[in-house]
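>>> dropping the sequence and predicted coords here.
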Amino acid sequence: MSRIGRKPIAIPAGVKVAVDGRAVSVTGPKGSLMRDIPAPISVVVDGEQVTVTRPSDSKTNRSLHGLCRTLVANMVEGVSVGFRKDLEINGVGYRAAKAGNKLTLALGYSHPIEIIPPEGISFEVPEQTKISVIGHNKELVGQIAAEIRSLRKPEPYKGKGIKYTNEVIRRKAGKAGKVGAK
């Protein structure tokens, strides 16, 4: 059995999990999420916990078992607590500002970049050099954070760009200069 797949998922107070055939829907204080689970995997709600089972030990069933359990667990965590990705901006003149629900970035281009958040995503800008992407869908939060980072990836020589807060940028040495000139 999959060590991850066989763990039951605890349902916190205020969260409702419903299974309708292949569709699993989770509703909580932060919103609601719905996902279709692949055919061989079954999801059962018993009281205050959800269990994910597989019919056999075939390779595809084993690979889907832990995946489906993690997806359902992320849905439950998302609607109860939510997810957050923090980004940091490094560079002279690089800054972020929030206007309404839009995020405006000045990243050294000739124009400011405006990002309109999709439904279920919000931005926080505690400082001009810090951005937080917040939402209840883990995949969407990660995707939006990755898109913001891709606007100006951190470069290895000066470290300028947008990086995740916990990301470590390996720095390179610059030009060594001319040694032993004649």
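The structure has been received and is ready for your questions.
>>> so for the most centrally placed residue in the chain, what's the nearest residue that isn't a sequence neighbour?
With distances taken as Cα atoms, centre = their mean, the residue of the chain nearest its centroid is G142 (2.5 Å). Across the structure, with Cβ to Cβ, 6 or more residues apart in numbering as the measure, the residue nearest G142 apart from its sequence neighbours is K85 (6.4 Å). Backbone N, C-alpha and C define where each C-beta goes, glycine included.
>>> figure out the helix or strand that that neighbour lives in.
When secondary structure is defined using DSSP states H and E, the element that contains K85 is strand 83-90.
>>> okay, now the sheet partners of that strand, with direction.
Here strand 83-90 is paired, per DSSP bridges, with strand 130-135 (antiparallel), strand 161-164 (antiparallel).
>>> got a list of contacts for that strand?
Identification of contacts with strand 83-90 by Cβ atoms under 8 Å, 6 or more residues apart in numbering yields 77, 95-96, 105, 107, 128-138, 141-142, 144-145, 148-149, 154, 159-166.
>>> before we move on, back to that, measure the residue nearest to G142 to A39 for me?
32 Å (Cβ to Cβ, to the nearest Å).
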